[in-house]
Structures are given as C-alpha cells and as structure tokens.
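K.L.:
Mind looking at a prediction? Sequence and model below.
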Amino acid sequence: MKALTGKYYGLLPLLLLCGFYIVKATGFSLHDFGNYYFGGYFFAQGTFTADMYFPYIFNRDIAALGYESLFLSYAPNTPFLTLLFYPFHFLDPFTAKLIFNLLSTFLFLYSTSRLVAFYKIKPVYAAIIPVLFFLPVKNNLLFGQLYFLLFFLLAEGWLAYEKKQLFRMSLFWSMAVLIKVFPVMLIAFLLFKKAYKPAAYLIFCCALLTIGSVLLNGVEVWFFFFEKVLPKASNGEIATAFVDNYQSVYMFLKRIFITDAIENPYPAVNNPFLFHLLLMSFKLGLVFTGYYITQIKKNTLFVFSYWIIIMLLLSPYGSTYTFILLLFPFFSIVNTNSSPIVKCGFILLLCGSCNWPLQFFTNSVFPVSYCRLLLFLLFFILYLLSEKSTVNWKWSPLILVLAAGMSYYSIHTMRPADATGLLPAKSPVLIYKYTIADNRLTYYYWNENGENRMSIPLAASKTAEATIRNNQIYHNGKQLTYGNDNKTNALLVNNKTLIYLSDYNRGIGFYTLRVLKTE
C-alpha cells in the first residue's frame, strides 16, 4: 500500500478536485447528462426514433414525464449512445448522473494513473493537473459530460497500441468513434503510420459496432443521423448560426467572411469563397502536416498527441470540457527533454487555453472575443516547435490547389438562402409553431421554463396555408423554396409574403421564423 501511494501521490490533488465536484454536481441541474439519459430512456421504452433529434419533440416528451426546468437536445449525439445509457434508465436521472460521474471519474483516474506510470511522469507534473485542467474537470462533472469516458477509451486504446494489443486497441477506439465520431481520424493516423493491420482491426471493429447499433436502433435512425444530423454538426450548426462560445477556427472565419442579416450583419469581408478557401487550407494543412510528422517522428506519444490536438482544432464547435483531452500533449511535453523555458511557456498557454474566462470576453468586440482560440493556436504552434518540428512547405501549392477546388465546389453546390430571418438577434432559440390573427403574429417557443409565447405586429388581411412536399414549399403548384433546411408551418400572407419555420444554418429542429417575398 505504501509503495502504491508513493507511486501515485502526485495524482492526489486531482482525486480531491474530482471528489469535490462530484459532490457539487449532485446539487446541479442535469445539464448535458439529460441528453444522454433521456436518449437511453426513450430507447428503453421503444420510442427513440429520428423524431427525437428534433429538440421540441425531445423536450415535449421529457416534460410529459413530469420533468421541469429542462432545455435539452439529443443532437448531435449518435444513436449508439442510447445503447450505452440504456442501463441508466432503471434509475432516476439525478441518481443516474451521480453513478455516471463516479464511474467516469474512476475510469479517468485509472487511465491517467496508467499513463503516468507508463511514461514515468514526475509527480510534480501530475500534481499540477488540477490547476491546468481546472475548468475541464469541473465542467465535465457538473454537466455530466462524456469526455472523462472518452479520455479513458482513447488512453486505453493508445496503451494497447503501444503494447501491440490490437484487439483491445480496436475495441476502445471504435467505441470512442461510435460515441463522438471525430476519433475516426485515428484511422488516418494509423494509415499514415503504415500500421495497416491495426487500421484494419479498427475499421472492422467500427463496422461491427455500427452494424450492431443499426440492428438495435434501426436503419431509419442511423440514416437520418448521417443524412441530416452529422452534416449540420460538421458545420457547427448545433443551435444558432453564430456562437462565439465555440471558439473554433470555423466560427472565427465565419465571423469574418459570412454575412447574416440578423446575427452577423457587418462581417469584415463578405466573401464566402475566401471563407471556404481559408478553412479548407487550414484543414488540409493540418492533415498534411500530420502525415509528415507521423512519417518522420519517432516519439509516438508526440505524434498521437498531435492528432488529438488537430481533432479539437478541426471541430467547428469547442468547449472547456473537451480540453481534458489535452492531457495527452501535456504528458508528451513534460516527458521530453525540452528546455524549462519551452515547458513553462507550454504550461502557461495550456492553462490559459483550458481556463480562459469566456464569460468576460465573448461580449467583447471581435476579435477580442476569440482570445481563447488565439491561446489554443499559440499552444499548438509551441507544441510543434517543442520537438523542432518543421512543416514541409513543398506541399503548400498542392494544398492551395486542393483547397481552391474544394471551395469552388462548395460554393457552386451550396444553395443560396431562400429567405431572410424575421425576428431580431437574441430572439428565442427554439420556436416550434406560430399563428397569425388580428394583425398579430404569435410565436410559441421552448426554453428551460417550458412552453412560452410572444406576439409581434403583422399586417395580414389574408392568409393561406402553403404545402410542404419533400421538404420544399409549394403554393398553387409553384415551388417557392429550394434549400435543404427543415421547414414547417408555412403560410402565405396577403398573397405576396411567405412566412415559415426553418432551421436554416441552425441546429437540426432549432426553428426560427423566416420570410420570403414571392412577388
């Protein structure tokens, strides 16, 4: 026992921090855990269908169970997650959250201790983890998030890979892919490393788990996820169109180059092609650099950690709890012979990236509102420099050509907006229906207080219901819309103005009112 405590005493502060917030979480709202719990609950009841990805239906059915003060959304989670949380439906949601936090914390601490032992991390570095990762730890537990579990799966898969235990590796990593999708990039990591056998194991295991989930969840739900949910999530469309809290390169470039009459009326440059060109160049640059580093670097933890970092950089939406995955590059840096100055700078940037107080800056003028993203990018650059990594610039022309071609394709296949927003900025996030009567438009919306309504003046002497067929709006045989956004509740007002609910550029089912002049 004495030898054990002597070996892992550096992790005691992390254990205490986790214990403190496990207790605090018992008095906190269900928050994100509610999305997972009720997904599993509805699956257990046999009522989890593609409709559950529409937040109004999801929240309405939860409210019907007697739960109040909740505003949840199952998207963008995979159908597989309902299987993972099926056992929790036997418990009430608050007890289930406590049990889940205890289990995920145990797994997180277990894998962290194994990494510390495997790489012989000095206790002093283990002891500062609660300082560097204070907000990621806190928010994972308060929100009941999945990233402690995801860290466990990635860490155990990595240790299994290092020990050439391919079945264990593929099992852990395939579960990570089925839970959060973005770890699918580990297949690229293995292929670039010419580890074809591990890659084949991982692909096979992912396929096996997916087939199993399809058999249990149904083909329709998975088809809907790939066709509707995943494309929106990949564009950062989780709730509204512009969310500075995401602190992603995608959202940063969108603020600069994409105009929106309501949410972003004054971009620096209204140029969608430049937006796509820079975004594609950034993405391809990260992947090509990853290929180069994977080929030449002998430090396997450094290479693996690089892929973890770019998974976060490539994501269109970020959050504090995802940064718990930066433990991998932290262990990589402190385990090298980098100079104390480099390590100190790295630790300071890591601490800033993980704990930057967004609430004080997101309302600041752009681009000050993106300070955390800047810190994260500086952290990434210093990470590359720490191993004297250089970018192979000979690929730059190819990257630019590919990015330009992909941008051109994106622009010319992207349908322009059918209509414009009717309501001002900061209007309710989820409107689920509206009525027009007595020259007033009354819209009904859902938030943490349940159903609400609000009215605005609208001169309407005549209204007629328009037909929605194959997700397009028609009136008198004429097609009025062409976009692939979800639409509902379409009315033609005064024979010249079409009003309808749409989730254009928003999370699936997060409807708002849009208006289109038909004459």
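P.N.:
Arrived safely, thanks for sending.
K.L.:
For the stretch 151-300 of the chain, give me the ranges with low pLDDT.
P.N.:
For the stretch 151-300 of the chain, no stretch has pLDDT under 70.
K.L.:
how about the helices in it?
P.N.:
In the stretch 151-300 of the chain, helices defined by DSSP state H, counting those that start in this stretch lie at 166-180, 185-192, 196-217, 219-224, 230-234, 249-257, 272-296, 300-314, listed in chain order.
K.L.:
residue closest to the middle of this structure?
P.N.:
The geometric centre of the chain, computed from its C-alpha atoms, lies nearest to residue 317 (CA atoms, centre = their mean), at 5.0 Å.
K.L.:
so residue 322 touches residue 146, yeah?
P.N.:
No. Judged on CB atoms under 8 Å, residue 322 makes no contact with residue 146 at a distance of 9.8 Å. The C-beta positions use only the backbone N, C-alpha and C, and glycine is treated the same way.
K.L.:
Report the separation between the residue nearest to the centre of the chain and residue 251.
P.N.:
Computed with CB to CB, to the nearest Å, the distance linking residue 317 and residue 251 is 7 Å.
K.L.:
Ok, residue 483 next?
P.N.:
When distances are taken as CB to CB, residue 483 and residue 251 turn out to be 21 Å apart.
K.L.:
Equivalent analysis for residue 469, please.
P.N.:
Here the criterion is CB to CB. By it, residue 469 lies 34 Å from residue 251.
K.L.:
For beta bridges, what are the partners of the nearest residue to residue 422 once chain neighbours are set aside?
P.N.:
With CB to CB, 6 or more residues apart in numbering as the criterion, residue 422 has its nearest non-adjacent residue at 4.0 Å, and that residue is residue 513. Going by DSSP bridges, residue 513 is paired in beta bridges with residue 501.
K.L.:
ok, now which ones touch residue 513?
P.N.:
When contacts are counted by CB atoms under 8 Å, 6 or more residues apart in numbering, residue 513 is found next to 421-423, 431, 434, 441, 443, 499-501.
K.L.:
Quick check: phi and psi at residue 473.
P.N.:
For residue 473, the backbone dihedrals are phi -100, psi 130 (criterion: degrees, to the nearest 10).
K.L.:
wait, doesn't it sit right on residue 500?
P.N.:
Yes. Counting by CB under 8 Å, residue 473 does reach residue 500; the two are 6.2 Å apart.
K.L.:
returning to that earlier point: quick one: which of the helices of the stretch 151-300 of the chain is nearest residue 447?
P.N.:
Distances from residue 447 to each of those were compared by CB to CB, and the smallest falls on helix 230-234, at 20.8 Å.
K.L.:
give me the number of residues near residue 215?
P.N.:
Residue crowding around residue 215 was assessed by other CB atoms under 10 Å; the count is 9.
K.L.:
Relative to residue 36, how far out is it?
P.N.:
As defined by CB to CB, residue 215 lies at a distance of 21 Å from residue 36.
K.L.:
Assumed the residue nearest to the centre of the chain was part of a helix.
P.N.:
No. Applying DSSP: H, G, I helix; E, B strand; the rest coil, one finds residue 317 to be coil, outside a helix.
K.L.:
Does it touch residue 249 like I think?
P.N.:
No. Between residue 317 and residue 249 there is no contact under CB under 8 Å: 11.1 Å.
K.L.:
where does the residue nearest to residue 69 when sequence neighbours are not counted fall, phi/psi-wise?
P.N.:
In space, and not counting its chain neighbours, residue 69 is closest to residue 448: 5.4 Å by CB to CB, 6+ apart. Here the main-chain torsion angles of residue 448 (degrees, to the nearest 10) amount to phi -60, psi -10.
K.L.:
same question for the helix or strand containing residue 94, mean pLDDT?
P.N.:
For residue 94, the enclosing helix or strand under DSSP states H and E is helix 93-118. Averaging pLDDT along helix 93-118 gives 98.
K.L.:
That one vs helix 300-314, what angle?
P.N.:
An angle of 140 degrees separates the directions of helix 93-118 and helix 300-314 when computed by axes from the mean of the first three to the mean of the last three CA atoms, to 10 degrees.
K.L.:
what sits up against stretch 175-194?
P.N.:
Contacts made with stretch 175-194 from outside it, assessed by CB under 8 Å, 6+ apart, are listed as 78, 80-81, 84, 146, 149-150, 153-154, 157, 173, 196, 198-199, 202-203, 206, 209-210, 213, 230, 287, 290-291, 294-295, 303-304, 307, 310-311, 314-315.
K.L.:
Show me where the stretch 351-500 of the chain has its helices.
P.N.:
For the stretch 351-500 of the chain, helices defined by DSSP H, counting those that start in this stretch occupy the ranges 371-386, 396-413.
K.L.:
tell me the most buried of the ones you listed?
P.N.:
Highest mean neighbour count among those (mean count of other CB atoms under 10 Å): helix 371-386, with a mean of 19.
K.L.:
Let's see the pLDDT reported for the residue lying farthest from the centre of the chain.
P.N.:
Here the chain has its C-alpha centre computed as a mean, and the residue farthest from that point, by CA atoms, centre = their mean, is residue 461 with 44.5 Å. As predicted, residue 461 sits at a pLDDT of 82.
K.L.:
now swap in the one 10 residues further on and tell me
P.N.:
The per-residue pLDDT reported for residue 471 equals 90.
K.L.:
That one against residue 482, yeah?
P.N.:
No. Residue 471 is not in contact with residue 482 according to CB under 8 Å; the separation is 10.1 Å.
K.L.:
got the contact list for stretch 250-261?
P.N.:
Residues from elsewhere that reach stretch 250-261, judged by CB under 8 Å, 6+ apart: 235-236, 241-244, 264-272, 274-275, 278-279, 315-317, 366-367, 370, 373, 420-421, 505.
K.L.:
So residue 322 and residue 146 - more neighbours on which side?
P.N.:
Using other CB under 10 Å, the more surrounded residue of residue 322 and residue 146 is residue 146, with 25 against 22.
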